[in-house]
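In: what follows is a predicted protein model with its sequence.
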Amino acid sequence: MEKIKVNFTVNKKPVTVEVNPNERLLDVLRDTLRLTGTKEGCAVGECGACTVILDGKAVTSCLVPIGAVEGREVVTIEGVGADGKLDPIQEAILENHALQCGFCTPGFVMSAKALLDENPDATKEEIRRAISGNLCRCTGYEQLTIAIYEAAQQLKEAQKAQI
Amino acid sequence: MAQGKEENYNVIHKSKPRIDGVEKVTGRALYAADMYMEGMLYAGVLRSPYSSAKVTKINTDKAKAIEGVEAVVTYADLRKKKSWAGYMYLTDHIRYAGDCVAMVAAQSKSLVDDALAAIEVEYEELPGVYTIDDALSEGAPLVHEEYEKNIFTDSMFHIRKGDVEKGFEQADVILEREYRTQYIEHSYIEPEAVLAYMDPNSGLMTVQASAQNPFFTRRYVSDILGIPLNKVRMIQAILGGTFGGKEEGIGLVTARAAYLCYQTKKPVKFVFTREDSFLESAKRHPFRLRYKIGATKEGKIVAFEGEQVDNCGAYNNQTQFMNWRANVHSSGPYEIENVKTDTYGVFTNNIHSGAMRGYSSPSLIFGQEQLIEELAEELNMDEIELRKINCLKDGSITATGVPVEYVILQDVMEQTVEQTDYTRKHAEYKKQTDGRKRKGIGLAICYRGCGLGAESPDASGCMMIANEDGSVSIASGLAENGQGLKTAYAQIAAEALGVRYENIQFPQLDSFAIADSGMTVASRGTVMGAQSVRKAGEKLKKIMIKNALELRAFSLENTGLTYDDLTEEDVELKDAVFFLKKHPEVKVDFASVTNTCIWTGKQMAAYEWFMPEDLPQDHATGQGKAFPTFAYGCVVAEVEVDMRTGYVDLKKVTASHDVGRAINPALIKGQIYGGIVMGQGYGIMEDVAPKKGRVKNRNFDSYILPTSMDAPKMDINIFESGDPTGTYGAKSIGEPATEAVAAAIANAVYNATGRRVRENPCDLETVLLGKKLG
């Protein structure tokens, strides 16, 4: 199979990969770039463990052919948080014990981040909807919903303080 | 929230942050599939599409000819086809649609797929049996020649308590009912994965696997390769959920990867697709429960007779242990003078059943807690009142003929009833006659033997090492499954030793660091498994206090004391500081003592083994002490049923659990929230429903799990009973959290609709039509 060259940015850094055209964004992130925080759970877009942010929207990277990301911006769990500090969403998940086995956790962080980046005033109901594409078999979602809601409040406070 | 007397603990009884939290929330935690090695190969298996068949011909020439395919192995190549546990690594005798006939290793995942597609297999289909009823019918084909009538005799247990005939003679009301439960899938989000690599010089085979029970998985590797256990190094990879599921299946996967590694002399990574996982991972056993119960008109239950039969599927390694538990709990959380029950499994040509969170209890409680309500209705009696009369209390004699202590079941139930306004709502909802949507409220109570009990030895070991800088390392024979075991153990270690939680490190289990301590199952981790952690901590504390005195670490000026006046009893170690009990101002840091110890050759490690009390049981009657103690619980479910579609909307669940002592309340709440939602899946939507043995729903697009939009509002009550049996008084919570939920839902559906669902789950067709559609 003839390889294709794809240019895009991952976590704000430009990358160029030469890969088989039938590879998925998930394969390239994991196997080529070794960004293994993005997980594979089902390969059919149902479990959300492979969620990344593509041009500001949360997507399941198992359903994105690599050719489709040419020129686009991808953010993975490795790109969340800055200067060695956790993102408020990650802090709140820790604080609320909103994780157990942790396999689904990066996907939840990405879905929550995409939501709060777009809508910092998200209600608990909106949070539940935003994470309904992420399956978790351990936590029952309760502590996750609370954590993301608390993170939203904290982000809003921080924004107010800046203004 | 926590109810019970407060004690002065330093580290436990607090919601400490998870010890593995940061690595998981940042995506840095390495699961087996995240590991890569230079020159590593990928692996895959070829499965039979038939449920019962013989392979008549297999040709691998085309697969072997593909460039980049490095090994193609069929059943014919294996010296040992059958694993130590009875499952087949590879086979030509197909007993279920999931048995594997060949495996391959190749340089890429797509080459693995190409190779598997190029293997030509011819099968001859054979007759099979699929349901419990068929398996037991006259002349049914045998799944295993050695088991007559397909009855798995090793899994047969009995309760014979009192005289059940006489008991029924005293009864004013006798009720007979049958309940059935379904196969469900564990649905951990991480599919099974392993990386195997070998040291070419020593021959040491290292496997890093998503194994719930690393020592159990190590046994498979030694078995397939025919090498001693000390030639296998098992390092547990961080586990992405298991719930009882990553036991047999991961053993087979790991063994196959190790075999391919051995053949090719290259590292081999084998990661299951979700479809592989559905096809080869064990499922929760379906049960056929036949119960007969008799009571006086005053509501005293006088006799209970039961037959509990479960569908083992094609292979078995768990039913005998699980059925022992099912036998002990066969008459529910009630004191009944006369009990006669039989419990056994049957083989069928289905996917094998195995351990799954509850280990029979979710199925049994689904039947038992509906039965008690059906009995109440026959007696024209309030169902809560009937439970109060008969439920276990202090000094009650269980079905195995032994008194129980510290029983707070009635309190737990009464408080939950009051909190949920159950009685008023139940009466009001019962009167609903019309309306598209009807409300319902339902309750279930439960009790659960903590740990393994008399099922198998509940022993465990712990190694604790203090390092020169005052940091502490522990190794335990039990493993982190995602439930928070490392966090709870680090808390217990810090408490027992007298250091800070932050001082403790607890890496993934390595078979070269600790002895086999049995399986991390049965919600035994905290209640029993941590006993060895506490023992090791207490022992090391004594050693370190002795060291501190011998090293004359304290400055005794201004105390008027000399070292001759001091014994080990006079010194305390707490919060990583040694101090004199009578002169707390005379103190020295733990780290300064450890630093001196290393240069003076003092012992700074302790290894302890915990062995529980002996629990002798009579096999013929099931009489004898079964468990060191029991945990009690009560669950109330509130639903809204759409009468036009049969859709059950679970609105709210209130769960109350006796946890003995809450080592980490936030972890406990996490277990309960997760347990409720898993119970919701079991009670309403999940059903593997194999068709003639074939699993049709093989991924999450057809096997539907509850999402955040489905999860109910949840209220949790944690009770602390003061029972000293477990580690610091802790009891089990992982399995209690899920076991009574489906029963409470079924009772709520009855309250709403007047329709009794005796075949789980309460899905659309069952609620609407009263039967499952084929």
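Out: Right, received. Where do you want to start?
In: going forward, measure contacts and count neighbours with C-alpha atoms only.
Out: Fine.
In: which parts of the stretch 401-550 of chain B are helices?
Out: B:409-419, B:422-430, B:485-497, B:531-550 (DSSP state H, counting those that start in this stretch).
In: relative to B:E735, which of the ones you listed is closest?
Out: Of all the helices of the stretch 401-550 of chain B, it is helix B:485-497 that lies closest to B:E735, at 14.2 Å by Cα to Cα.
In: got the angle between the closest one and helix B:531-550?
Out: Relative orientation of helix B:485-497 versus helix B:531-550 (axes from the mean of the first three to the mean of the last three Cα atoms, to 10 degrees): 40 degrees.
In: avg pLDDT for helix B:485-497?
Out: Averaged across helix B:485-497, pLDDT comes to 97.
In: so what's B:E124 bridging to?
Out: Per DSSP bridges, the residues bridged to B:E124 are B:K54.
In: now the longest helix seen in chain A: buried residues?
Out: For chain A, the helix with the greatest residue count under DSSP state H is helix A:142-162. Judged by neighbour count using 16 or more other Cα atoms under 10 Å in any protein chain shown, the buried positions of helix A:142-162 are A:142-155.
In: burial of the residue of the stretch 651-774 of chain B found nearest chain A, as a residue count?
Out: Nearest to chain A, among the residues of the stretch 651-774 of chain B, is B:G674, at 3.9 Å (Cα to the nearest Cα). Neighbourhood size, B:G674 [other Cα atoms under 10 Å in any protein chain shown]: 25.
In: element containing it, please.
Out: helix B:665-680 (DSSP states H and E).
In: helices or strands up against that helix?
Out: Applying 3 or more Cα pairs under 8 Å, 6 or more residues apart in numbering or on different chains; DSSP states H and E, we find helix B:665-680 packed against strand B:648-658, strand B:713-719, helix B:736-739, helix B:741-753.
In: next structured bit after the last one?
Out: The one in question is helix B:741-753. helix B:764-769.
In: with just CA atoms, put that following helix into CSV.
Out: The C-alpha trace of helix B:764-769 is given here as CSV (Å, rounded to 0.1, in the frame of the first residue of the first chain):
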residue,chain,number,x,y,z
LEU,B,764,-39.3,-3.2,26.7
GLU,B,765,-40.7,-6.5,25.5
THR,B,766,-40.7,-8.2,28.9
VAL,B,767,-42.5,-5.3,30.6
LEU,B,768,-44.9,-4.6,27.8
LEU,B,769,-45.6,-8.1,26.5
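In: give the buried residues for it.
Out: Buried residues in helix B:764-769 (16+ other Cα under 10 Å): B:L764, B:T766, B:V767, B:L768.
In: most centrally placed residue in chain A?
Out: Per Cα atoms, centre = their mean, the C-alpha nearest to the average position across chain A is that of A:M110, at 2.3 Å.
In: now that residue: how far from chain B?
Out: According to Cα to the nearest Cα, to the nearest Å, A:M110 stands 11 Å off from chain B.
In: check A:Q162 too.
Out: 26 Å.
In: from A:K113, how far out is that residue?
Out: Using Cα to Cα, to the nearest Å, A:Q162 is found at 20 Å from A:K113.
In: same question for B:K161.
Out: Distance from B:K161 to A:K113, by Cα to Cα: 59 Å.
In: thinking again about what came up before, can you tell me which of the buried residues of helix A:142-162 is nearest B:Y429?
Out: Nearest to B:Y429 among the buried residues of helix A:142-162, with distances taken as Cα to Cα, is A:E142, at 27.5 Å.
In: how far away is the closest residue in space to the closest one that isn't next to it in sequence from B:G482?
Out: Spatial nearest neighbour of A:E142, chain neighbours left out: B:Y673 (6.8 Å); criterion: Cα to Cα, 6 or more residues apart in numbering or on different chains. To B:G482, B:Y673 is 14 Å away according to Cα to Cα.
In: ok, the two, which is more surrounded?
Out: Higher neighbour count among B:Y673 and B:G482: B:Y673, with 28 against 21, using other Cα under 10 Å.
In: so that one makes contact with A:R137?
Out: No. B:Y673 is beyond contact range of A:R137, at 10.4 Å (criterion: Cα atoms under 8 Å).
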